[in-house]
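Undergrad: From the sequence below, what's the structure:
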Amino acid sequence: MPETFFLSDIKQLPSNLQDYVLKPLFSFAGQGVVIDVTKADFDKGIDPENWILQRKVKYADAIETPDVPAKCE
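TA: Sure, this is the predicted structure:
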């Protein structure tokens, strides 16, 4: 499981936000997930009790395709 923090538990944001995704606790089909996290995303008035910050997963190239290998989960 990737390193995951409740926003309400974070005292200081990591300096490497590009290595994380910001996720609402309750969403449907990935709605609301922020892939390219910036400091500005936290200034939008989100409720820290209902969001998590999760380290991005690096998927391995696993499926050969005509141009570049595809990744899968």
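
Undergrad: quick one: Pro69 and Tyr59 touch, right?
TA: No. With contact defined as Cβ atoms under 8 Å, Pro69 does not reach Tyr59; the gap is 10.4 Å. Bear in mind the C-beta positions are built from the backbone N, C-alpha and C, glycine included.

Undergrad: now the residue nearest to the spatial centre of the chain, what's its secondary structure?
TA: In the chain, the C-alpha nearest the mean C-alpha coordinate belongs to Val21, at 1.3 Å (Cα atoms, centre = their mean). The three-state label given to Val21 by DSSP: H, G, I helix; E, B strand; the rest coil is strand.

Undergrad: Can you tell me how far it is from Leu53?
TA: Applying Cβ to Cβ, to the nearest Å, the value for Val21 to Leu53 is 8 Å.

Undergrad: Common neighbours of these two, please.
TA: Residues touching both Val21 and Leu53 (Cβ atoms under 8 Å, 6 or more residues apart in numbering): Val37.

Undergrad: show me what contacts Gly32?
TA: Each residue near Gly32 by Cβ under 8 Å, 6+ apart is listed here: Lys23, Pro24.

Undergrad: measure it to Lys58 for me?
TA: Noted for Gly32: a distance of 23 Å to Lys58, by Cβ to Cβ.

Undergrad: List the beta-bridge partners for Leu53.
TA: Beta-bridge partners for Leu53, by DSSP bridges, are Phe5, Leu22.

Undergrad: the strands in this protein, which residues?
TA: For the chain, the strands defined by DSSP state E occupy 4-6, 20-24, 51-55, 61-63, 70-71.

Undergrad: List the pairing partners of the fourth one within its sheet, with orientation.
TA: Read it as strand 61-63. Strand pairing for strand 61-63, using DSSP bridges, gives strand 70-71 (antiparallel).

Undergrad: can you tell me the average pLDDT over the partner strand?
TA: Averaging pLDDT along strand 70-71 gives 79.

Undergrad: and it, how far out from the chain's middle?
TA: 19 Å (Cα atoms, centre = their mean, to the nearest Å).

Undergrad: hang on, the earlier thing: JSON lines for the strands of the chain, including distance to Lys39?
TA: Output for those, formatted as JSON lines (distance: least, Cβ to Cβ, whole Å):
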{"stretch": "strand 4-6", "distance to Lys39": "16"}
{"stretch": "strand 20-24", "distance to Lys39": "11"}
{"stretch": "strand 51-55", "distance to Lys39": "12"}
{"stretch": "strand 61-63", "distance to Lys39": "31"}
{"stretch": "strand 70-71", "distance to Lys39": "28"}
